[in-house]
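> Output the structure for:
(one chain, ligands or ions: 1)
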Amino acid sequence: MSTPLLINASSLAQMIDREPVVIIDTRSAEAFEQGHIPGAVNIHSIFTHLAMSSPEGLAELKATFAKAFGDAGLSGSETAVFYEDSMDTGFGQSCRGYFILGYLGYEKISILHGGYQSWLAGGYPINMEPVMPAAKSFPVKDTGDSLMVDQEAVLKALGTDIVLLDVRDVDEWIADSSSPYGKEFCPRKGRLPGAVWIEWYRMMKPGKVPLLKTPDEILAECKTVGITKDSAVYLYCFKGARASNTLVALKSAGVNNVKLYFGSWNEWSRNPELPIEEGLPF
Ligand SMILES: O=S(=O)([O-])[S-]
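Numbering: from 1, shown residues only. Below is the predicted model:
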């Protein structure tokens with residue numbers, strides 16, 4: 001049976017009793033210490049690690065996370081389940097975990113839909129115990145390499161039928177801010193030439209426990225910028241977290257030809273030779 005992309009809290013509770021699972025909490029260490037899903041391992045660097053898409057940058061990304069995931073107890077036979085606080089408060093960090101692990105060629109990966117808030121809302125137990133997993137040897141494969149696009153691939157995609165989808169917050173899209181870390185964090189503000197925009201929040205329904213929209217609702221959002229199930233899409237944000245959230249949303253809706261420019265604006269904006277669109281997009 002293939003591993004579901006998204007699972008709810010009740011399915012996760014049953015899965016824990018039934019099969020080997022490594023639950024990975026992507027929140028901050030402080031949040032983790034205040035309470036977490038029993039047995040979960042905390043890897044917040046899934047969210048904070050900044051990666052360049054040069055061969056050296058990608059090799060470093062692979063080595064860093066092969067170690068982190070091996071230390072967390074992943075050997076290939078366990079299902080990895082990522083969670084963040086809620087789908088729209090952690091900048092897509094659980095989805096970034098899904099993307100990085102998939103990039104390393106791991107196959108059995110799910111995301112807790114609704115995150116920690118859905119676990120709490122379901123009344124499931126939490127604890128505050130530190131977790132000491134037995135380290136395993138993590139199997140890196142190259143089968144996930146095709147999920148990633150680098151700077152060269154994005155450059156080649158400019159002006160083609162490949163849709164460059166920017167999912168950053170509106171202040172970044174309109175070139176008022178260069179990043180979520182501060183307006184001047186990156187040297188340039190703007191957009192990839194020809195990019196279209198769906199702010200990442202639009203893929204979710206607000207509520208007590210925000211969830212991704214239904215596949216038809218997501219396809220309706222996609223239609224507003226010309227994306228269909230057949231489109232080839234390259235996603236970007238600032239460093240690949242929000243774009244991972246949108247990647248998961250698009251995959252859940254059957255838009256499967258989707259790749260992620262993981263270096264994103266943090267990389268692109270630092271090379272003055274790369275073209276950008278500046279100013280307001282209207
Ligand atoms: O979501 S992000 O990676 O751009 S900070």
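
> can we go C-alpha only for contacts and neighbour counts from here?
Fine.

> Could you list the low-pLDDT ranges of this protein?
Within the chain, the segments meeting pLDDT under 70 span 1.

> Could I get the full set of strands for the stretch 1-150 of the chain?
Using DSSP state E, counting those that start in this stretch, the strands of the stretch 1-150 of the chain run over 6-7, 21-25, 41-42, 79-83, 109-112, 148-149.

> Quick one: closest of the ones you listed to the ligand.
The ligand lies closest to strand 148-149 among the strands of the stretch 1-150 of the chain, at 14.5 Å (CA to the nearest ligand atom).

> I'd like the strands of the stretch 1-150 of the chain written out as JSON lines, with mean neighbour count added.
Below are the strands of the stretch 1-150 of the chain laid out as JSON lines (neighbours: other CA atoms under 10 Å):
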{"stretch": "strand 6-7", "mean neighbour count": "18"}
{"stretch": "strand 21-25", "mean neighbour count": "24"}
{"stretch": "strand 41-42", "mean neighbour count": "23"}
{"stretch": "strand 79-83", "mean neighbour count": "26"}
{"stretch": "strand 109-112", "mean neighbour count": "24"}
{"stretch": "strand 148-149", "mean neighbour count": "20"}
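
> Including distance to the ligand, could the ones you listed go into a markdown table?
Shown next, in a markdown table, are these (distance: least, CA to the nearest ligand atom, whole Å):
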| stretch | distance to the ligand |
| --- | --- |
| strand 6-7 | 19 |
| strand 21-25 | 17 |
| strand 41-42 | 18 |
| strand 79-83 | 15 |
| strand 109-112 | 17 |
| strand 148-149 | 14 |
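
> Tell me which of those lies nearest to Pro272.
The closest of the strands of the stretch 1-150 of the chain to Pro272 is strand 148-149. By CA to CA, the value is 19.6 Å.

> Show residues contacting the helix or strand that the closest one is followed by.
Next helix or strand after strand 148-149 toward the C-terminus (DSSP states H and E): helix 151-157. Residues outside helix 151-157 that contact it (CA atoms under 8 Å, 6 or more residues apart in numbering): Ser53, Ser54, Tyr234, Tyr261, Gly263, Trp268.

> Stretch 119-126 too?
Residues contacting stretch 119-126 (CA under 8 Å, 6+ apart): Ala9, Ser10, Ala13, Gly35, His36, Ile37, Pro38, Val209.

> Now that we have the contacts of helix 151-157, which of them are buried?
Buried positions within these, assessed by neighbour count (16 or more other CA atoms under 10 Å), are Ser53, Tyr234, Tyr261, Gly263, Trp268.

> Quick one: residues contacting the fourth one.
So that's Gly263. Leu50, Ala51, Met52, Ser53, Asp150, Gln151, Phe238, Lys239, Gly240.

> State the distance from it to Asn257.
Gly263 sits at a distance of 19 Å from Asn257 (criterion: CA to CA, to the nearest Å).

> Tell me the secondary structure at Asp176.
When classified by DSSP: H, G, I helix; E, B strand; the rest coil, Asp176 comes out as coil.

> what's the burial count for it?
Neighbourhood size, Asp176 [other CA atoms under 10 Å]: 16.

> With the ligand as the reference, measure out to it.
15 Å (CA to the nearest ligand atom, to the nearest Å).

> And Ala249, by the same measure?
With distances taken as CA to the nearest ligand atom, Ala249 is found 15 Å from the ligand.

> Could you do Glu56 as well?
Taking CA to the nearest ligand atom as the measure, Glu56 falls 20 Å from the ligand.

> what's the burial count for that residue?
Residues within reach of Glu56, counting by other CA under 10 Å, total 11.

> what's across from Arg191 in the sheet?
As for beta bridges, Arg191 partners with Glu277 under DSSP bridges.

> Quick one: residues contacting it.
Asp166, Trp173, Ala175, Ile276, Glu277, Glu278.

> could you redo the last one with a cut-off of 10 Å?
164, 166, 168, 172-175, 178, 197, 236-237, 265, 268-269, 275-281 (CA atoms under 10 Å, 6 or more residues apart in numbering).

> what's the distance between Ser178 and Phe47?
From Ser178 to Phe47 the distance is 18 Å (CA to CA).
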